[in-house]
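> take this sequence and fold it.
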Amino acid sequence: MREALLAEVLKLRRSRLPWLTAAAFAIAAAVCGLFMFILQDTGRARALGLLGDKAQLSGATADWPGYLALLAQATAVGGLLILGTLTTWLFGREFSDRTVKDLLALPTSRSAIVAAKFVVAAGWSLLLALWTTVLGLLAGMLLELPGASTAVLAAGAARMVITALLTYALTTPFALVASAGRGYLPAVGAIFAALFSSQVVAALGYGASFPYSVPGLYAGLAGPGQDAPGPLGHLLVLTVGLTGGAATMAWWRRADHDR
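Sure thing, here's the model as predicted:
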């Protein structure tokens, strides 16, 4: 496991993906900060035209609770795309780079290889959540948003991290799709299908029972006064994460038979 983990960390460090994912989350934090800047002054929002209208339609309030909630919502929606791409890359690159045969021939167990990929993806997802939280706190301080307190900031940071981890758990099936599909494209299609379905099901009012809608609802995407997903929703997310991981590991164990 140690050797497999070091190899996966080295692959990630030598790629451009960490920088791209960090930049994507930084842009999300910047956009949320821009919305707060606009919402601080309704006259400024009208002067900016359509952008101001979009900021007002977000339903956020120009204070710390509203800002942190908006950041968590951006993490839930954009995170599925970004973290799903990360997981897809970790598994799909072995087929695109034609290194899968080398992996299958190594004395390192395939279970350790798959587990190492998932651990690296989980660790980087957590770092991205912390990175976005730090950027959000800095932007909020620059904007001098009202309503700051230790409890508010701690609760907002915790919601960011939990949202990111819930979102990451839902990406494990994309690893299976990338493996069985032998490349990136099938998994990318699955990511967009899951993202689209999560929005539609949530709009129909069944999001609490649909795992891919749960992170967004937990982050407050449905708006104030709406029910957050209960234990069932979180259990469904955990089930999807564990099932996707177990199925991916089972596929890799039988990869020689599927060729």
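
> which stretches of the stretch 51-200 of the chain aren't confidently modelled?
The stretch 51-200 of the chain contains residues with pLDDT under 70 at 51-60.

> helices along that one, start to end?
64-96, 100-105, 110-143, 150-169, 172-180, 184-203 (DSSP state H, counting those that start in this stretch).

> for Thr248, find the nearest of those.
Of all those, helix 172-180 sits nearest to Thr248, with 4.4 Å by Cβ to Cβ. For glycine as for every other residue, the C-beta is placed from the backbone atoms N, C-alpha and C.

> list the buried residues for that closest one?
Buried residues in helix 172-180, counting neighbours by 16 or more other Cβ atoms under 10 Å, are found at Thr172, Pro173, Phe174, Ala175, Leu176, Val177, Ala178, Ser179.

> between those residues, which is closest to Val237?
Nearest to Val237 out of the buried residues of helix 172-180 is Thr172 (Cβ to Cβ; 10.6 Å).

> contact partners for the residue lying closest to that closest one once chain neighbours are set aside?
In this structure, Thr172 finds its nearest non-sequential neighbour in Gly244, 3.0 Å apart by Cβ to Cβ, 6 or more residues apart in numbering. Residues near Gly244 by Cβ atoms under 8 Å, 6 or more residues apart in numbering: Thr171, Thr172, Pro173, Phe174, Ala175, Leu176.

> and if you look at Ala74?
Ala74 makes contacts with Ala28, Ala29, Val31, Cys32, as judged by Cβ under 8 Å, 6+ apart.

> hang on, the earlier thing: ok, the contacts of Gly244 vs Tyr206, which is closest?
Pro173 (19.5 Å).

> find the nearest non-adjacent residue to the closest one, please.
Leaving aside its chain neighbours, Pro173 sits nearest to Gly244 (3.8 Å; criterion: Cβ to Cβ, 6+ apart).

> Ala219 too?
Closest to Ala219 by Cβ to Cβ, 6+ apart is Ala72, at 3.7 Å.

> wait, that neighbour sits on Arg159?
Yes. If you go by Cβ atoms under 8 Å, Ala72 and Arg159 touch, sitting 4.8 Å apart.

> mind checking how far the spatially most central residue of the chain is from Trp252?
Geometric centre of the chain, nearest residue: Gly79, 2.6 Å, by Cα atoms, centre = their mean. According to Cβ to Cβ, to the nearest Å, Gly79 and Trp252 sit 25 Å apart.

> and for Arg98?
16 Å.

> coming back round to it: can you give me the buried ones in the helix or strand encompassing the residue nearest to Thr172?
Per DSSP states H and E: Gly244 is located in helix 231-253. By neighbour count with 16+ other Cβ under 10 Å, helix 231-253 contains the buried residues 233-234, 236-237, 240-241, 244-245, 247-249, 251-252.

> likewise stretch 34-43?
Quick answer for stretch 34-43 (16+ other Cβ under 10 Å): Phe35, Met36, Phe37, Ile38, Leu39.

> one more: stretch 147-160?
Ala148, Leu153, Gly156, Ala157, Arg159, Met160.
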